[in-house]
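>>> Have a look at this prediction, sequence included:
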Amino acid sequence: MSNPTSLFQQLRKTKQKAMRYSFHQDNYRFYSHSRIIPTGIQVKCTPALGTLSGPLQQKWNQLLYGPQVLSHPPEVNQVELSQDLTQYYRRIRLREVFLDEPASEPEPFRKKSSWVPPKNRVPAMETYVQVVSSQVNNSANSPHRTHDNLPREERQALKSLRTRTDIIIKPADKGSAVVVMDRQKYIDETMKHLNNRTNYALVDSDPTDSFSQQIQTTLDDMHARDELTDKAHAFLSPTDSKAARFDLLPKIHKPGNPGRPIVSGNGSPTENISLYVDHFIKPLVSQTPSYIHDTPDFLRKLEAIKDQIPSTAIIDTCACVIPVY
């Protein structure tokens, strides 16, 4: 068995070597003999922001973990804790209620049930719930401070970056990089897309309510003709809808770092309709002649037709996702 002290010294040397390349993907932070956290992160800056320098570079040096590492909150959120416990108790009671029910395939399109099973069906389970609640409450009300997994300097750097209004921090379009963008450049790049009247049109008001009414009318007609079940009709009906949100992901692998437009339809009137349509057309996609499952599948297809490809041919690919609904 190797000496822990000797191993730690080797890790320190590895860290010192890695930190010479401050924003390289292989950076590590070492806090103890047994805790090694790979960052898996690259930090890039857009041309308008320039290079990381001064206080901003110092803050990034303190936060090289990457987006996959979560920091502990300085204090317990009692509201969220109570909600999490309530949902947990509901799940275990549901498991008990339907324990002896035969397995069945649920209807794929239905609204999630909010039914809460009655209490005191199984005394042992209720005792368990009471013990867990008591222990969690005692721990949450303990006078001891919550252990923070970030040093004080890094916690301060994180708070400082959150309050900055002159930068935008976004994930890159490709890879695991985190991009620091000048806010005005981000706005200018966004407006360059939205001002393209070939793809976007300026409207006088938000048409979300109008779209929701049109969708609801169509769904009601389909339901009246028995083309939709009651559960599917309720699932597809838009409620509390909002407009889709436009966003950009910077392409750091291209000159000038242009933005890739992303439209998030979460909460929009057509969100559930998209899920419904995708459910039925997904099995048909693999039956099309042009379907390619992944890179190995593409290579196998090339191997099958290699005798038909001229020796002077240059093979190139152009892959993109085109929205169809």
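That came through, no problem.
>>> who does whichever strand or helix holds L81 touch, helix- and strand-wise?
Taking DSSP states H and E as the definition, L81 sits inside helix 78-97. Applying 3 or more CB pairs under 8 Å, 6 or more residues apart in numbering; DSSP states H and E, one finds that helix 78-97 makes contact with helix 123-140. The C-beta positions use only the backbone N, C-alpha and C, and glycine is treated the same way.
>>> and the helix holding L81, how far out from the chain's middle?
Centre-to-centre, helix 78-97 and its host chain are 24 Å apart (CA atoms, centre = their mean, to the nearest Å).
>>> now it and helix 123-140, what's the angle there?
Using axes from the mean of the first three to the mean of the last three CA atoms, to 10 degrees, the inter-axis angle of helix 78-97 relative to helix 123-140 is 170 degrees.
>>> what residues does helix 78-97 touch?
Outside of helix 78-97, the residues within contact range by CB atoms under 8 Å, 6 or more residues apart in numbering are V116, P117, K119, R121, V122, M125, V129, V132, S133, V136, A140.
>>> can you tell me which of those lies nearest to F98?
Of all these, F98 sits closest to P117, with 9.1 Å by CB to CB.
>>> Tally up the residues packed near the closest residue to the closest one other than its chain neighbours, please.
Distances taken as CB to CB, 6 or more residues apart in numbering put R93 closest to P117, at 4.1 Å, once the chain neighbours are dropped. For R93, the neighbour count with other CB atoms under 10 Å is 19.
>>> Over to S114?
Neighbours of S114 under the rule other CB under 10 Å: 6.
>>> For it, give me phi and psi.
phi -110, psi 10 (degrees, to the nearest 10).
>>> Can you check the pLDDT for it?
pLDDT, S114: 84.
>>> Look up how far T86 lies from it.
To T86, S114 is 12 Å away according to CB to CB, to the nearest Å.
>>> hmm, back to that, just the contacts of helix 78-97: which has the poorest pLDDT?
When the contacts of helix 78-97 are compared, A140 shows the smallest pLDDT, 68.
>>> thinking again about what came up before, and the helix holding L81, which residues are buried?
Within helix 78-97, the residues scored as buried using 16 or more other CB atoms under 10 Å are Y89, R93.
>>> what ranges do the strands span in the stretch 151-300 of the chain?
167-171, 178-182, 245-250, 259-264 (DSSP state E, counting those that start in this stretch).
>>> Which of those strands has the highest mean neighbour count?
Highest mean neighbour count of the strands of the stretch 151-300 of the chain: strand 178-182, a mean of 20 (counted as mean count of other CB atoms under 10 Å).
>>> and that one, what other elements does it pack with?
Where contact means 3+ CB pairs under 8 Å, 6+ apart, strand 178-182 is packed against strand 43-45, strand 167-171.
>>> Relative to K170, which of the contacts of helix 78-97 is nearest.
So of those, ranked by how close each gets to K170 (CB to CB), first place is A140, at 34.7 Å.
>>> now the protein, which segments are flagged as low pLDDT?
Residues of the chain meeting the criterion pLDDT under 70: 1-74, 140, 142-147, 149, 316-325.
>>> switch the cut-off to 50
Along the chain, the model assigns pLDDT under 50 to residues 1-8, 11, 14-53, 62, 64, 322-325.
>>> Could you chop it up by domain?
7-72+156-181, 78-140, 184-280 (automatic domain parsing).
>>> got TSV for these, with distance to T295 too?
Output for those, formatted as TSV (distance: least, CB to CB, whole Å):
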stretch	distance to T295
domain 7-72+156-181	15
domain 78-140	30
domain 184-280	18
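>>> right, and these - which one's nearest L150?
domain 7-72+156-181 (4.9 Å).
>>> What segments of the stretch 201-325 of the chain are helices?
Using DSSP state H, counting those that start in this stretch, the helices of the stretch 201-325 of the chain run over 208-224, 230-236, 271-285, 295-304.
>>> any idea which of these is most buried?
Here the criterion is mean neighbour count by mean count of other CB under 10 Å, and of those the winner is helix 230-236, at a mean of 17.
>>> Measure how buried D307 is and give me the count.
6.
>>> separation between it and F298?
17 Å.
>>> One more: P118?
Using CB to CB, P118 is found at 55 Å from F298.
>>> I appreciate the help and will end here.
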